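>>> quick one: sequence plus predicted model below, questions after.
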Amino acid sequence: MEKFHLSLTDILIITGEILLVVIIGLVAARKVKRTTQGYFLAAGNMPWYLIGAAFVSTSVSSEQIVGTIGAAYKGGMAIANWEWWSLPTYLLMMIFFIPLYLRNKIMTVPELLNRRFGPACGAIYSIVILIGYIFVFLPPVIYGGSITLSELTGWPRYYVMAGIILVTASYTLAGGLSSVMWTDAIQCVMLIGGGVIFYFVALDKIPGGWNAMVAAAPERFHLYHPPSDPQAPFLSLILASFGVFLFYQSSNQVMIQRILSARSKWDGMMGLIFSGFINIIRPLVTCLLGLIIYHWLDIMRQGPSLLPDEQDRAFPVALQLFAPSGLRGIILGGFFAAVMASVSALSNSVATIFSLDVYRRFWRKKAGDRELITTGQLSGGAALLISSLVAPYVGTVGLFRYFQTGVTYIATPFISVLLMGIFWKRASYGGAIAGLLGGVVIQVLLAVALYAMDINLHWLYIGAIAQVLTMGLIAVVSLYTPAPQPEQIKPFIWNIAWLRTWGEGEVKRPWYQSLKLWLALYAVAWCYIYWRFW
């Protein structure tokens with residue numbers, strides 16, 4: 001395997017793409033209204049195409065690219081479920097969660113918990129999610145980006161890490177969500193465009209192409225894996241649609257903040273549907289490349305295998321093997337852009353939650369816009385610094401497993417409380433607190449018990465079991481504690497009338513802008529994929 005080399009053209013392309021992102025971010029920052037609404041929610045002015053692109057760009061980063069390509073290399077196509085299995089979750093969001101947020105003019109998830117249950121619930125979410133962003137979400141993004149760029153370029157890893165943080169902070173802290181959204185859109189184009197080109201260039205290196213890979217290892221080209229599969233059991237996806245996946249998309253501040261920035265209800269919904277269409281081609285960028293590397297190394301024997309434990313090197317090896325000069329710069333520029341997109345989104349969400357739900361609530365209730373924005377900038381910068389110190393630990397666990405397991409443990413208590421809160425009038429303040437705190441205890445005890453009994457369950461199964469137990473705990477405690485006041489909970493209990501009155505007050509649009517039309521087209525494409533690769 002020849003030594004990886006970046007040509008002058010590659011370096012100029014990477015530099016140009018990074019400068020473009022920074023310039024767009026700083027230009028957007030200059031136009032931001034210096035109010036809490038303007039800085040933290042982009043003043044509710046975001047169009048559908050920016051929302052959709054940002055929704056995708058935020059969730060695709062180094063841990064997604066490096067980790068998922070590595071997981072596909074090791075386990076086959078079923079890992080693509082983590083990219084394609086979005087329609088069920090999106091439908092649940094569009095029916096239940098987005099109307100709830102927009103009708104009640106919610107700015108943050110802690111605000112929703114505070115208004116539905118009581119102040120302690122929002123405080124618990126704020127503290128836990130801040131810890132989660134700093135220690136679970138950000139470290140694998142920073143680690144995956146720095147280790148890949150360091151391995152490929154030969155640049156010291158810690159210098160690369162510092163560069164990622166400083167470049168991203170330059171526009172994120174200055175412009176808030178508006179800068180993040182505009183740069184996310186550009187980064188999405190760079191990532192998807194460059195990634196799709198690279199996929200087809202790499203596939204062209206395989207004699208016989210896709211059909212040859214399927215013929216050589218047909219068992220690796222199915223989306224369905226049995227419930228006992230250790231890596232991607234299909235049953236776990238169905239369960240996660242009502243748990244960790246639903247939390248990540250609908251109750252995770254860093255994701256839902258994109259929807260809340262919409263200039264209209266239609267833009268919020270259409271942005272989500274647009275992201276679904278992008279997700280159809282996303283596996284070409286984030287995981288199917290792993291199948292090509294597997295065929296090249298383990299079927300064609302053109303190099304040393306990365307099995308059983310070096311799968312996270314699949315992406316850099318693919319760049320080294322298949323990307324010519326020029327394309328390497330495009331791919332690495334897109335990869336760097338993806339890292340910056342997630343880092344900027346997470347640091348912005350840290351700033352939003354800390355300023356609005358922690359600082360203003362517990363320290364300075366009368367803090368003005370300028371003070372809250374400054375606090376957000378400082379807290380976002382501090383989050384980046386702390387996460388960079390934690391990042392090296394990720395390498396001892398593995399990118400994909402570190403991120404997915406961590407998210408599952410964070411998600412379960414919160415989605416349990418939120419689901420009970422919007423569907424059951426009797427869910428009480430005491431029940432919610434018991435669910436948020438007891439849910440963590442339940443997961444720890446469940447993990448210890450399974451380990452003691454030598455039972456090895458997929459983490460999504462563990463999350464689903466913990467969710468059922470947590471919802472049961474919420475129900476029991478709610479029945480033995482005072483019921484909430486009807487006037488307090490009425491705006492937050494889901495009602496089918498929300499869907500009937502959805503378009504009220506909205507501008508009437510032509511047929512080709514119908515949400516139902518585009519949702520149906522997306523659903524047809526999604527169903528075809530699962531029929532084709534089942």
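It's in.
>>> can you pull the contacts of the nearest residue to P304 once chain neighbours are set aside?
Nearest residue to P304 in three dimensions, chain neighbours excluded: L297, at 7.0 Å (C-beta to C-beta, 6 or more residues apart in numbering). Heads up, the C-betas are built off the backbone N, CA and C, glycines and all. Under the criterion of C-beta atoms under 8 Å, 6 or more residues apart in numbering, the neighbours of L297 are G303, P304, S305, L306, V317.
>>> and the first one, helix, strand or coil?
Look at G303: counting by DSSP: H, G, I helix; E, B strand; the rest coil, its state is coil.
>>> and it, what pLDDT?
On pLDDT, G303 comes in at 84.
>>> quick one, grab the pLDDT at the residue lying closest to it once chain neighbours are set aside.
Of all residues not flanking G303 in the chain, L297 sits nearest, at 4.9 Å (C-beta to C-beta, 6+ apart). At L297, the predicted lDDT confidence score is 92.
>>> so what's the most centrally placed residue in the chain up against?
The centroid of the chain falls nearest to S59 when counting by C-alpha atoms, centre = their mean (3.2 Å). Applying C-beta under 8 Å, 6+ apart to S59 gives the contacts Y248, M255, S342.
>>> OK, contacts around the residue lying closest to the second one once chain neighbours are set aside?
Nearest residue to M255, sequence neighbours excluded (C-beta to C-beta, 6+ apart): Q249, at 5.5 Å. Neighbouring residues of Q249 by C-beta under 8 Å, 6+ apart: S86, T89, Y90, M93, M255, I256.
>>> the stretch 301-450 of the chain: helices as residue ranges?
In the stretch 301-450 of the chain, the helices defined using DSSP state H, counting those that start in this stretch lie at 314-322, 327-353, 369-390, 399-423, 429-452.
>>> to N495, which of these lies closest?
With C-beta to C-beta, the closest approach to N495 among these belongs to helix 399-423: 9.9 Å.
>>> now do the longest helix along the chain, average pLDDT.
Counting by DSSP state H, the longest helix found in the chain is helix 157-204. Averaged over helix 157-204, pLDDT sits at 82.
>>> got the angle between that helix and helix 369-390?
80 degrees (axes from the mean of the first three to the mean of the last three C-alpha atoms, to 10 degrees).
>>> quick one: contacts of the helix or strand that comes right after helix 157-204?
The helix or strand immediately downstream of helix 157-204 is helix 209-216, counting by DSSP states H and E. For helix 209-216, the surrounding residues in contact (C-beta under 8 Å, 6+ apart) are L203, I206, G208, F221, L291, I292, H295, I299.
>>> does Q187 touch L20 like I think?
No: using C-beta atoms under 8 Å, Q187 is not in contact with L20, being 9.7 Å away.
>>> of those two, which one has the most company?
Neighbour totals were compared for Q187 and L20, and Q187 leads with 32 against 16 (other C-beta atoms under 10 Å).
>>> separation between the more buried one and Y171?
Note on Q187: its distance to Y171, by C-beta to C-beta, to the nearest Å, is 12 Å.
>>> what touches both of those two?
What both Q187 and Y171 touch, as defined by C-beta under 8 Å, 6+ apart, is the set V21.
>>> tell me, how many residues neighbour the nearest residue to W155 once chain neighbours are set aside?
Excluding the flanking residues, the one nearest W155 by C-beta to C-beta, 6+ apart is L149, at 6.8 Å. When neighbours are defined as other C-beta under 10 Å, L149 has 24 of them.
>>> just checking, L149 touches R328?
No: with contact defined as C-beta under 8 Å, L149 does not count as touching R328 (11.7 Å).
>>> any weak-confidence spans in the protein?
Counting by pLDDT under 70, the chain contains low-confidence ranges at 1-4, 32-34, 36-44, 61-64, 151-152, 393-408, 501-506.
>>> still on that earlier bit, most surrounded residue in the contacts of L297?
V317 (23 neighbours).
>>> closest to P119 out of the contacts of Q249?
Among the contacts of Q249, and counting by C-beta to C-beta, the member closest to P119 is I256, at 20.5 Å.
>>> what's the neighbour count on that closest one?
By other C-beta under 10 Å, 24 other residues sit near I256.
>>> report the contact partners of it.
Counting by C-beta under 8 Å, 6+ apart, I256 touches F97, Y101, V109, Q249, S250.
>>> for these, give me TSV that also has secondary structure and distance to I433.
Listed next are the contacts of I256 as TSV, based on DSSP: H, G, I helix; E, B strand; the rest coil; distance: C-beta to C-beta, whole Å:
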residue	secondary structure	distance to I433
F97	helix	22
Y101	helix	22
V109	helix	16
Q249	helix	25
S250	helix	21
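>>> and of those, the nearest to K365?
Nearest member of these to K365, counting by C-beta to C-beta, is V109, at 19.9 Å.
>>> roughly how far does the residue nearest to the centre of the chain sit from W363?
Per C-beta to C-beta, S59 is found 32 Å from W363.
>>> could you do Y528 as well?
53 Å.
>>> ok, now G193?
45 Å.
>>> so for the two, which residue has more residues nearby?
G193 (13 against 9).
>>> what's the closest non-adjacent residue to that one?
Nearest non-adjacent residue to G193 (C-beta to C-beta, 6+ apart): G334, at 7.2 Å.
>>> ok, now how distant is the one you found from I192?
Between G334 and I192 the computed distance is 8 Å (C-beta to C-beta).
>>> what of S57?
Taking C-beta to C-beta, one finds S57 at 9 Å from I192.
>>> A383 now?
Relative to I192, A383 is positioned 27 Å away (C-beta to C-beta).
>>> just to revisit the earlier point, just the buried subset of the contacts of I256, written out for PyMOL, thanks.
Command for PyMOL, covering only those of the contacts of I256 found buried under the criterion 16 or more other C-beta atoms under 10 Å:
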select buried, resi 97+101+109+249+250
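>>> my guess is T352 contacts T108. True?
Yes: in this structure, T352 is within contact of T108 by C-beta under 8 Å, at 6.3 Å.
>>> what residues do these two have in common as contacts?
With C-beta under 8 Å, 6+ apart as the test, T352 and T108 both reach Q253, Q257.
>>> contacting residues around the closest residue to V350 other than its chain neighbours?
Distance criterion C-beta to C-beta, 6+ apart; nearest residue to V350, sequence neighbours excluded, is A383 at 4.2 Å. Counting by C-beta under 8 Å, 6+ apart, A383 touches L130, Y133, I134, L138, L346, S347, V350, A351.
>>> sec struct for the first one, please.
Right, the one you point to is L130. From three-state DSSP, the assignment for L130 is helix.
>>> state the distance from it to F117.
For L130, the distance to F117 - C-beta to C-beta - is 19 Å.
>>> these two: which is more packed in?
Per other C-beta under 10 Å, whichever of L130 and F117 has more neighbours is F117, with 27 against 19.
>>> ok, P392 - contacts?
Contacts of P392 (C-beta under 8 Å, 6+ apart): Y143.
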